[in-house]
Structure formats: structure tokens, C-alpha cells
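A.B. asks: test case, fold it:
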Amino acid sequence: MLATLSAVAAAVLLGGTTSGYTVDAEGRFAPPAAFIPSAAVTYDQSYVPAAASIRVRQHTGVGGVTTVDLRITGVRPHHSFGASVHQRPCGALPADSGARYENQPGAPDDNEVRLDFTTDARGAGAASDRHTWGLRRGEAASVVIQDRPGDGATRVACFTVPFGWVTE
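C.D. replies: Got it, this is the predicted structure:
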């Protein structure tokens, strides 16, 4: 939770500069009913064990060009995961994070922030996605990890991220 708060501070402090802004959030996964709540929630510990870590960094430059980077450690080794930005924060249930964020709702191709990754022998993975567009205020709130890439996969973890947005 402290990491999320510091990410909000980073977004506020860095917003409005001539080179854009950066949001940097880190967390450790915990089950939804954990005694100490976390912004990183695991729904299936066989894929994403409690105490696995995640870092999501968003950089939005001049004109709205946005890059989202994901780094994760301590998850199932030698496995391909799906990951994408979703509309709502994580909750007690996997569906609480809502639908995937779409730049232009209903449009095909290059319309979502996809962060699919494959882990190494130590359960570490990384992904990056860059777009010429930025996120809209209040419409991107989390990164959902799925048991495999592609549509129809099962949500196994979620990380609430205080994404920044483009103001025009």
C-alpha cells in the first residue's frame, strides 16, 4: 500500500513537466483476505504465490506517447502469462477489475495495453508496451495477470496501479 501511495506522489510531482511524467508502482502479492491488505492481489497461488513481487512503470511523454513496463518475480517458472491494463482497481474477486482498457472502445488492433510475458527458471518475467496514445483519466486502474496469454484466460492476480492520464 505504501508503494501505491508513493506512486501517486510521483505522478503528482512529475506531472506537467516538459518531458511528460512517470508513475512507478511496486507491490507484493497477498490473498484478497490478507490481514495486511495489498494493492497486489493473488487469486491463485499456484501461479502467483503470496510475497511474489511486481513493478509497473508508466511513462507518458509529450503528445501522449505512453510506455508501460512490467517486471514480476517469484511467480511460476517457465510459464507464459497474459497481462493487460484493466479499467477498475483490484478487488476480492477476479472480475472486480472490470474489462480491459481500450483506447478506442470497440476498435480492433493495437487498442489495448498488453503485457504478456514468459518467466525464466527463477519465476521472473518482464514486458513492455508502447503506444502513440495516452490513458484517459479514471479509465485505467490495474494490471491483471492471467494464467496464459490470449482471450478466455483465467485471471490469477491483479495489481492496482495509480496510472496517470493525458490532459488535452
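
A.B. asks: would you tell me what the next helix or strand after the strand with the most length in the chain is?
C.D. replies: As assigned by DSSP state E, the longest strand anywhere in the chain is strand 21-30. Of the helices and strands lying after strand 21-30 in sequence (DSSP states H and E), the nearest is strand 40-42.

A.B. asks: in its sheet, which strands sit next to that following strand, and in what direction?
C.D. replies: Strand pairing for strand 40-42, determined by DSSP bridges: strand 21-30 (parallel), strand 155-160 (antiparallel).

A.B. asks: need the next SSE after that strand, C-terminal direction.
C.D. replies: strand 53-60.

A.B. asks: tell me the angle of that following strand relative to strand 155-160?
C.D. replies: Between strand 53-60 and strand 155-160, the angle comes out at 60 degrees (axes from the mean of the first three to the mean of the last three Cα atoms, to 10 degrees).

A.B. asks: neighbouring contacts of strand 53-60?
C.D. replies: Contact with strand 53-60 is made by 20-29, 40, 66-74, 134-135, 143, 159, 161, 163-164, 166, as judged by Cβ atoms under 8 Å, 6 or more residues apart in numbering. Heads up, the C-betas are built off the backbone N, CA and C, glycines and all.

A.B. asks: equivalent analysis for stretch 127-140, please.
C.D. replies: 58, 60, 63-70, 83, 85-87, 101, 103, 110, 113-117, 161, 163-167.
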